[in-house]
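**Student:** compute the structure for the input listed below.
(one chain, ligands or ions: 1)
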Amino acid sequence: MDVTNLSQFTEQALTRSIFSLFEDRTRSENYTVSAAGLFLDYAKQNIIDSELAPLFTLAKQTGLAEKISAQFSGEQLNSTEQRAVLHTVLRAPDKIKVDVLGEQAEEVINTEAKMATIVDDIQSGKVCSVTGEKFTDILAIGIGGSYYGVKVALSALVPYHQKGLKAHVLANVDGDAAQEKFAKLNASTTLVVVISKTFSTQETLLNATIVKAWMLDALADSGTSPADIIANHWYAVSTNVKAATEFGIDENNILPMWDWVGGRFSLWSAVGLPLALIIGNTHFNALKAGAHAMDEHFKHADFEQNMPVIMALLGIWNRNGLGYPSLAILPYNHALRALPGYLQQTDMESNGKSVSIDGQTLNYLTAPVVFGQEGTNGQHAFMQLMHQSADIIPTDFILSLAPTSKHLANHDALVANCFAQSEALMQGKTLAQAKTELLNAGVNEAQANRLAAHKTMKGNTPSNTLLMERLDPHSLGALLALYEHKIFVQGVIWQVNSYDQWGVELGKQLGNEVLNVMSHPMAEIESEKLSSSSLGLIRRYKDNLNKV
Ligand code: F6P
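**Tutor:** Numbering: from 1, shown residues only. Model prediction:
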């Protein structure tokens, strides 16, 4: 059985209303699951027990249990790069590190200890800037998985930021992004962390180069040599120590990464250094503990009570059974506003593939298009489409029950909107209901007949509501691990390699070709590899440069 067989089970679902399923009074209680401090209500999904059963069977027949064991034990699941997938071991107790990593455990444990010491020394001022001042700002340079994890956690955990240190993240190659940082940073008290697993990513190297020039220029009169400025103010996190030292970073300030940690799963490694510098070791360890708690749940819970497995199977039901192409991530929480972007990479870069792990072309669809925005902002952006377009867009609502501010009336409104949107997306509004509402509002019959159709809502949009008691390092860790495991399960069932990302290579190759072509004089703008459209655009770019 594979996902193409699901259509035999979807006939009822495609014609029934989700709302009618609540005639089963036990539904709202049965379609929930708790794990690692999180609570998932999936009762608003368009599914019943007799449809869930074949999904669990599919999971079992796909060998999910064996794959979970293989992942946690370090088998090379990333077969196109001959790598293990062991980001989970980074948040496990040292004993598990030793059991799984063997000799390499010592390097991992020592790196964690070194990271903790750096955090303590920077926060205490024991390690300070070349001008003898405490560092006030941390500038993290990185992109993709070397950016999103730090970004989402820094945004989510503001109440846990230590006094005296501010964090800034620089990802985009657009010089405007760096310029924005220069405008607010004081080079003499800025510590830079370059994060790049390969230390070869064009955007990160270009940004590191201009930040280095900015800092050396700003500190030219500090009486300290450029080498000492970099040695004092710069750290790097990479597997490529050689390239990082060639860039000028002191080898003692380079924290290793390992090839068995995928970039988009690397927050738990020294990639998290900028975060740990800001929230401190205790809270960074709580983040990892939350993720580990979800790992333990994922490893040991029966599939029928396993939160990541249930979310994964519901996603496959919506994607491959009911044919819905998108997934909306709607955190009803300002502090989680970076989560949709983070999950775009984690989900779409992992499972946005159409070739199986064995290299066969798939005859079914895989990852949905993931998008989203924090609520309630999304209600004033794309909710119109979600309510009244013909497209049904499954949605994950994510909410902290406890407010993250003292404004309780605002929090009540936030919670009410979150619950109301999931209800409205499910219930919709029929033509008859719309007309009755209009008549009851005093609109005459003719006007009501004219407007009613415009006020109907399709409804029947399935959603999950994921609750945490409060947003703190532990619950954030559990949340991020939940989605990591959900994506893992979907990758297993879709039989794709969730841990490589060859799809980003062609754009990089052609980017280098365009850069090369652009470097020639206008009369020599030619390339066999580029269309006349792109060549025309390059000429227009170069022509405009002459005007600015
Ligand atoms: O997006 C492609 C990608 O390779 C991601 O997988 C990775 O997180 C990002 O680029 C940055 O790569 P690096 O950490 O090597 O700079």
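**Student:** what number of residues lie near the closest residue to Glu349 other than its chain neighbours?
**Tutor:** In this structure, Glu349 finds its nearest non-sequential neighbour in Gln501, 5.2 Å apart by CB to CB, 6 or more residues apart in numbering. No exception for glycine: its C-beta is placed from N, CA and C like everyone else's. Neighbour count for Gln501, taken as other CB atoms under 10 Å: 21.
**Student:** phi first, then psi, for Gln501.
**Tutor:** Here is the backbone geometry of Gln501 (degrees, to the nearest 10): phi -150, psi 60.
**Student:** pretty sure it contacts Met348?
**Tutor:** No. With contacts counted by CB atoms under 8 Å, Gln501 stays clear of Met348, the gap being 9.9 Å.
**Student:** now Asp228. Nearest residue, chain neighbours left out?
**Tutor:** Asp228 sits nearest to Val130 (CB to CB, 6+ apart), 6.3 Å away.
**Student:** the ligand contacts on the chain?
**Tutor:** Residues of the chain found near the ligand (CB under 6 Å from any ligand atom) are 143-146, 196-198, 201, 204, 263-264, 349, 501, 504.
**Student:** for the stretch 151-300 of the chain, what spans make up the helices?
**Tutor:** All helices of the stretch 151-300 of the chain, identified by DSSP state H, counting those that start in this stretch, fall at 175-182, 202-218, 226-233, 241-247, 273-300.
**Student:** a markdown table for those helices, including distance to Val85?
**Tutor:** A markdown table is the format used below for the helices of the stretch 151-300 of the chain (distance: least, CB to CB, whole Å):
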| stretch | distance to Val85 |
| --- | --- |
| helix 175-182 | 31 |
| helix 202-218 | 23 |
| helix 226-233 | 34 |
| helix 241-247 | 22 |
| helix 273-300 | 13 |
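**Student:** could those be laid out in TSV, adding mean neighbour count and mean pLDDT?
**Tutor:** As requested, those are exported to TSV (neighbours: other CB atoms under 10 Å; pLDDT from 0 to 100):
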stretch	mean neighbour count	mean pLDDT
helix 175-182	14	98
helix 202-218	18	98
helix 226-233	18	96
helix 241-247	16	95
helix 273-300	22	98
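**Student:** thinking again about what came up before, show me what contacts the residue nearest to Asp228?
**Tutor:** Ser188, Leu219, Ser222, Thr224, Asp228, Ile229, Asn232, His233 (CB atoms under 8 Å, 6 or more residues apart in numbering).
**Student:** hang on, it in a strand?
**Tutor:** No. The assignment for Val130, made by DSSP: H, G, I helix; E, B strand; the rest coil, is coil rather than a strand.
**Student:** could you report the separation of the residue nearest the centre of the chain from Glu107?
**Tutor:** The centroid of the chain falls nearest to Tyr342 when counting by CA atoms, centre = their mean (2.2 Å). From Tyr342 over to Glu107 the distance is 27 Å, taken as CB to CB, to the nearest Å.
**Student:** next: Ile525.
**Tutor:** Ile525 sits at a distance of 49 Å from Glu107 (criterion: CB to CB).
**Student:** what sits closest to Asn320 if chain neighbours are left out?
**Tutor:** Closest to Asn320 by CB to CB, 6+ apart is Val3, at 3.9 Å.
**Student:** hmm, Ser356 and the one you found touching each other?
**Tutor:** No. Using CB under 8 Å, Val3 is not in contact with Ser356, being 11.9 Å away.
**Student:** neighbour-wise, which of these two wins?
**Tutor:** Neighbours were counted for Val3 and for Ser356 using other CB under 10 Å; Val3 has more, 23 against 15.
**Student:** look up the pLDDT of that one for me, please.
**Tutor:** pLDDT for Val3: 92.
**Student:** chain center to stretch 338-353, what's the gap?
**Tutor:** From the chain centre to the centre of stretch 338-353 is a distance of 5 Å (CA atoms, centre = their mean, to the nearest Å).
**Student:** and for stretch 357-376?
**Tutor:** For stretch 357-376, the distance to the chain centre is 14 Å (CA atoms, centre = their mean).
**Student:** again, but for stretch 500-516
**Tutor:** For stretch 500-516, the distance to the chain centre is 22 Å (CA atoms, centre = their mean).
**Student:** repeat that for stretch 320-339.
**Tutor:** Relative to the mean C-alpha coordinate of its chain, stretch 320-339 is positioned 11 Å out (CA atoms, centre = their mean).
**Student:** ends of that stretch, what's the gap?
**Tutor:** From its first residue to its last, stretch 320-339 covers 25 Å (CA to CA, to the nearest Å).
**Student:** repeat for stretch 359-367
**Tutor:** With CA to CA, one end of stretch 359-367 sits 17 Å from the other.
**Student:** buried residues in stretch 502-517?
**Tutor:** By 16 or more other CB atoms under 10 Å, the buried positions in stretch 502-517 come out as Val514, Val517.
**Student:** identify all contacting residues around it.
**Tutor:** 80, 202, 349, 352-353, 525-527, 529-530, 534-535, 538.
**Student:** just these now: which is nearest Met518?
**Tutor:** Nearest to Met518, judged by CB to CB, of the contacts of stretch 502-517 is Ile538 at 5.6 Å.
**Student:** Three-state assignment for that closest one, please.
**Tutor:** Recorded secondary structure, Ile538: helix (three-state DSSP).
**Student:** same deal with the one 3 residues further on?
**Tutor:** Using three-state DSSP, the structure places Tyr541 in helix.
**Student:** the residue nearest to the centre of the chain: what's it in contact with?
**Tutor:** Counting by CB under 8 Å, 6+ apart, Tyr342 touches Tyr148, Gly149, Lys151, Val152, Leu480.
**Student:** in a markdown table, list these along with pLDDT.
**Tutor:** Converted to a markdown table, these look like this (pLDDT from 0 to 100):
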| residue | pLDDT |
| --- | --- |
| Tyr148 | 98 |
| Gly149 | 98 |
| Lys151 | 98 |
| Val152 | 98 |
| Leu480 | 98 |
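**Student:** and which of these is nearest to His411?
**Tutor:** Minimum distance to His411 across the contacts of Tyr342 is 20.9 Å, recorded for Val152 (CB to CB).
**Student:** hmm, the closest one is touching Leu480, no?
**Tutor:** Yes. When contacts are counted by CB under 8 Å, Val152 is listed as touching Leu480 (7.5 Å).
**Student:** and Met215, what does it touch?
**Tutor:** With CB under 8 Å, 6+ apart, Met215 has these contacts: Ala187, Thr190, Val192, Ile229, Ile230, His233.
**Student:** where's the first one relative to Asp217, distance?
**Tutor:** The one in question is Ala187. Counting by CB to CB, the gap between Ala187 and Asp217 amounts to 8 Å.
**Student:** give the residues shared as contacts by the two.
**Tutor:** Counting by CB under 8 Å, 6+ apart, Ala187 and Asp217 have no common neighbour.
**Student:** which of the contacts of Val130 lies closest to Ala36?
**Tutor:** Looking across those and measuring by CB to CB, the closest to Ala36 is His233, at 37.9 Å.
**Student:** I'd guessed that closest one sits against Thr189; true?
**Tutor:** No. In this structure, His233 is not within contact of Thr189 by CB under 8 Å, at 9.1 Å.
**Student:** overlap in contacts of those two?
**Tutor:** Counting by CB under 8 Å, 6+ apart, the residues touching both His233 and Thr189 are Ser129.
**Student:** from Thr10, how far off is Leu480?
**Tutor:** From Leu480 to Thr10 the distance is 31 Å (CB to CB).
**Student:** neighbour count: those two, which is higher?
**Tutor:** Taking neighbours as other CB under 10 Å, Leu480 and Thr10 compare with Leu480 leading, 25 against 17.
**Student:** you'd agree that one is up against Ala291?
**Tutor:** Yes. At 6.3 Å, Leu480 counts as touching Ala291 under the criterion of CB under 8 Å.
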